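Chemist: Please work out how this folds:
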Amino acid sequence: MAEAKTKETGASVDAFLGNVTDPARRTACAAVADIMREVTGEEPRMWGASIVGFGRYRYAYASGRTGEWPIIGFSPRKSDLTLYLMGGFDGFPELMATLGKYRTGKSCLYLKTLDDVDLTVLRRLCVESVKAMEPVRLRP
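Modeler: Residues are numbered from 1 along each chain as shown. Sure, this is the predicted structure:
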């Protein structure tokens, strides 16, 4: 059975974020990291080469494949700041309606810039996403 490619690493989050070349994106990453640290009560960890994650949960597919993934996280991708909110978005229509300018995938929130969204709403969305994942959250 194939093993998950993206796993928690021992790499330095500070070094990774320090290498973000765009100063505005680097500042946005620091702001998102602060929100996620506060919401989860956990320190960030690197997952793979480019994802900063907080907390963890174990998933299992019908095929029997299992793995672990952050409860919440982000990555400073080239075109977007990508937030991984594993609680999804369907259960939070009122928050999504007032968030601002964004795109979504199943559990990904794509932001061009933090200036495009209401940070209070973004924080609430992070809180609700973490709450939705609480039943499967693994504790340190």
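
Chemist: and residue 128, what element?
Modeler: Using DSSP states H and E, residue 128 sits in helix 119-133.

Chemist: What is that helix packed up against?
Modeler: When contacts are defined as 3 or more C-beta pairs under 8 Å, 6 or more residues apart in numbering; DSSP states H and E, helix 119-133 packs onto helix 23-40, strand 72-76, strand 81-85, helix 93-99. To be clear about C-beta, it is placed using only N, CA and C from the backbone, and glycine gets the same treatment.

Chemist: And the first one, what's buried?
Modeler: Applying a neighbour-count criterion of 16 or more other C-beta atoms under 10 Å, one finds 25, 28-29, 32-33, 35-36, 39-40 buried in helix 23-40.

Chemist: May I see the helices and strands packed on helix 119-133 arranged in JSON lines, with mean pLDDT and distance to residue 118 as well?
Modeler: Listed next are the helices and strands packed on helix 119-133 as JSON lines, based on pLDDT from 0 to 100; distance: least, C-beta to C-beta, whole Å:
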{"stretch": "helix 23-40", "mean pLDDT": "97", "distance to residue 118": "12"}
{"stretch": "strand 72-76", "mean pLDDT": "98", "distance to residue 118": "17"}
{"stretch": "strand 81-85", "mean pLDDT": "98", "distance to residue 118": "14"}
{"stretch": "helix 93-99", "mean pLDDT": "97", "distance to residue 118": "6"}
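
Chemist: To residue 119, which of those lies closest?
Modeler: Shortest distance between residue 119 and those, using C-beta to C-beta, is found for helix 23-40: 7.4 Å.

Chemist: And for residue 106, the neighbour number?
Modeler: Here the count is done by other C-beta atoms under 10 Å, and residue 106 has 8 residues near it.

Chemist: Is it in a helix, a strand, or coil?
Modeler: Recorded secondary structure, residue 106: coil (DSSP: H, G, I helix; E, B strand; the rest coil).

Chemist: How about the backbone phi and psi for the residue lying closest to it once chain neighbours are set aside?
Modeler: Among residues not flanking residue 106 along the chain, residue 88 sits closest, at 6.8 Å (C-beta to C-beta, 6 or more residues apart in numbering). Residue 88 adopts backbone torsions of phi 70, psi -170, taken as degrees, to the nearest 10.
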